[in-house]
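In: all I have is the shape, not the residue letters:
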């Protein structure tokens, strides 16, 4: 039986001001999962985002644990963010390895979730 560890997910926004046309960066940090076959899907108001997010995967080899971390970053138009759009980062290890894990945030959430 293969060991399966679902990811811990943190999702938070980062924006540098309210100038017209500026972007809002959303960072989804997925940590401590195994195996490394993880797919990340972004949704805005329940609809899948078609742009490719920037992703970076790391492997941890501390002690006996051999787990993986991944960060995924998505940019949103400021207008979508300020209108209260709900943004979801959904991670699926494998269809046969349990349900997806997700986090959702919006400007109304007060930032960190």
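Out: That came in fine, so what should we check first? Treat the numbers as computed from the prediction; the structure is a model and nothing was measured. Numbers count the residues shown, from 1 in each chain.
In: given the helix or strand bottoming out on mean pLDDT in the chain, what are its sheet partners and their directions?
Out: Each helix and strand of the chain was given a mean pLDDT (mean pLDDT, DSSP states H and E); the minimum falls on strand 54-60 at a mean of 79. In the sheet, strand 54-60 lines up against strand 67-77 (antiparallel) (DSSP bridges).
In: give me the buried positions along the helix or strand just after the partner strand.
Out: Next helix or strand after strand 67-77 toward the C-terminus (DSSP states H and E): helix 78-82. Under the neighbour-count criterion of 16 or more other C-beta atoms under 10 Å, helix 78-82 has 78, 81 buried. Backbone N, C-alpha and C define where each C-beta goes, glycine included.
In: give me the contacts around the least confident helix or strand of the chain.
Out: 32, 36, 40, 66-73 (C-beta atoms under 8 Å, 6 or more residues apart in numbering).
In: next, give me the two most distant ones among those.
Out: 66 and 73 (25.0 Å; C-beta to C-beta).
In: now do the contacts for the closest residue to residue 75 other than its chain neighbours.
Out: Distances taken as C-beta to C-beta, 6 or more residues apart in numbering place residue 23 nearest to residue 75, at 4.5 Å, with adjacent residues excluded. By C-beta under 8 Å, 6+ apart, the contact set of residue 23 is 15, 75-78.
In: could you give the number of residues near the closest residue to residue 49 other than its chain neighbours?
Out: Spatial nearest neighbour of residue 49, excluding adjacent residues (C-beta to C-beta, 6+ apart): residue 42 at 4.2 Å. Residue 42: 22 surrounding residues under other C-beta atoms under 10 Å.
In: next up, identify which helix or strand residue 42 is on.
Out: Short version: residue 42 belongs to strand 39-44, going by DSSP H and E.
In: ditto for residue 33
Out: strand 23-33.
In: give the bridge partners for the closest residue to residue 89 other than its chain neighbours, please.
Out: Spatial nearest neighbour of residue 89, excluding adjacent residues (C-beta to C-beta, 6+ apart): residue 28 at 3.5 Å. With DSSP bridges as the criterion, residue 28 is bridged to residue 11, residue 72.
In: good, we can wrap up now.
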